[in-house]
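A.B. asks: got a predicted structure plus its sequence, pasted below:
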Amino acid sequence: MSDYMFMLESHLSGEQGKVLSAVREAAEKANLNLFLTGGAMRDMMGGFPIRDLDFTVEGGGVKFARSLAQKVEAEVQAVDETRKSVELRFRGNVTASISMARQEKYSKPGGKPQVQPATIHEDLRGRDFTVDAIALSLGKASRGLLLDPTNGLGDLSHKELRAVTNYTLYDDPSRILRMIRLRVRLAFTVDERTMSQYRNVREAKLEAKISPGDIERELRQIALDPLAGDILKSLEDENLLHLISPALTGPKINLQGFQKLHKARQSLPFGIDISTNSYALFLSLLLEKLTPKERLQLVRAVGIPKADLDAAIKLDAKSDKVEKELATANLQRPSSLYAMLSKVPGEILLSLLMRSGERLVLDRIKNYLQKYLPAAQEVTEKDILDRGAQLGTPKFAKLQQKLIAERLDARPKKIIVEEAPPPPPSGPGRRSASFGR
């Protein structure tokens, strides 16, 4: 195993590792060259947690992704037919993109690109920033081979964002939003040539060519970021927040709400993925300070899908219902609290941590997140399989809950401390051990 493959496996959660294996096996059977690319490689090589898996194949990306989704029962969330890219959600709340290696040519700034298949090297040289233009081969013949044609590793070590070409921001002005988000999220500086390109793009007012779809996609990325409030503030400082809504100025940005969300997220246990609709939670905070008319204007201008808007609007009512149940439920055992809260989505738990004034509710959520949920992870799949249950069956799920309940409700073993025997008494002709010669 190469050092990079070992590094990758050490950065992935258990569920992400299963998805990686499934995608790799499917690519081998389809005789496609597969690479891990984009944000996944940037985060791994930069020492950040990997949020999403980004795969690139040399060949038919959309066809391969659809076929894979059927085989492993993954949900197809979005398909970009122009760029031949598919967004998937797998079991365990793992998100991934599968894209065709491609070249994009722009006839004018902000125009629709002409897309054609390409090699992985051509694909990397046409990306936005050098830190996103790193790839790791996952193919059988070259597994573990690192590709870095634009010296993205060097820029990662210098903590610097650098555009791949002199036309990166001209070709696709939406990349200026990504540049600001990454600058805040990674705490990187932007190199002078890229900043000069950025200033020229702004002087030409090319931000006006950013489509509503690109803005909405950027909002989804900001929603995943713990520093969402800081990113919005940076966009305001750059006079770009009006692209989302002219009403988002001053106190209407709801920075206090995003600070509370950041603090609430720190209560989540590290390394345990909790299914969370981050976009609904983000939208509820983004719209909270706006008038009904301003909310409608934002939703229409950006094109927020109705399902996402409904989830944001209904979040408060759902949180209130869970709060009342938590405040009044007779939960005598840890397993009872675990059974109740393990069914509650992450966005509701975070909403209550931010807004609830009930001490009992807050204490119960924190106990679940910080004590009972980590303890439940100690019950492994192997423990259940060893008892004769098959993975994915009702018997498996029932036995899993039983073992978790036993683990949570077990009384801690008493630790018996044996007292040391008293020292022999000092007497005539016997010296105390405390004296020297």
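C.D. replies: Now that the structure is in, tell me what you want to look at.
A.B. asks: could you find the closest non-adjacent residue to Glu288?
C.D. replies: Excluding the flanking residues, the one nearest Glu288 by Cβ to Cβ, 6 or more residues apart in numbering is Asn254, at 5.4 Å. Using the backbone N, CA and C atoms, a C-beta is placed for each residue, glycine as well.
A.B. asks: is it true that the one you found touches Leu283?
C.D. replies: No: if you go by Cβ atoms under 8 Å, Asn254 and Leu283 don't touch, sitting 11.2 Å apart.
A.B. asks: and the residue nearest to Glu288, how far from Gly14?
C.D. replies: Using Cβ to Cβ, to the nearest Å, Asn254 is found at 35 Å from Gly14.
A.B. asks: between those two, which has more neighbouring residues?
C.D. replies: Per other Cβ atoms under 10 Å, whichever of Asn254 and Gly14 has more neighbours is Asn254, with 20 against 13.
A.B. asks: what sits against that one?
C.D. replies: Residues in contact with Asn254 (Cβ atoms under 8 Å, 6 or more residues apart in numbering) are Gly229, Leu285, Leu286, Glu288, Lys289.
A.B. asks: am I right that the second one is in a helix?
C.D. replies: Read that as Leu285. Yes: under DSSP: H, G, I helix; E, B strand; the rest coil, Leu285 sits within a helix.
A.B. asks: per-residue confidence for it?
C.D. replies: On the pLDDT scale, Leu285 is placed at 97.
A.B. asks: gap between it and Lys260?
C.D. replies: To Lys260, Leu285 is 9 Å away according to Cβ to Cβ.
A.B. asks: out of those two, which sits in the busier spot?
C.D. replies: Between Leu285 and Lys260, Leu285 has the larger neighbour count (other Cβ under 10 Å), namely 24 against 18.
A.B. asks: got the contact list for the more buried one?
C.D. replies: Residues near Leu285 by Cβ under 8 Å, 6+ apart: Asn254, Gly257, Phe258, Leu261.
A.B. asks: hmm, Val361 is touching Ala329, no?
C.D. replies: No: between Val361 and Ala329 there is no contact under Cβ under 8 Å: 10.1 Å.
A.B. asks: so where is this structure shaky, pLDDT-wise?
C.D. replies: Within the chain, the ranges that satisfy pLDDT under 70 run 1-2, 411-437.
A.B. asks: any idea which residue sits dead centre in it?
C.D. replies: In the chain, the residue lying closest to the centroid (Cα atoms, centre = their mean) is Arg51, at 3.4 Å.
A.B. asks: list the buried residues for stretch 121-129?
C.D. replies: Applying a neighbour-count criterion of 16 or more other Cβ atoms under 10 Å, one finds Asp123, Leu124, Gly126, Arg127, Asp128, Phe129 buried in stretch 121-129.
A.B. asks: roughly how far does the fourth one sit from Leu349?
C.D. replies: When you say that, I think you mean Arg127. Distance check for Arg127 against Leu349: by Cβ to Cβ, it reads 36 Å.
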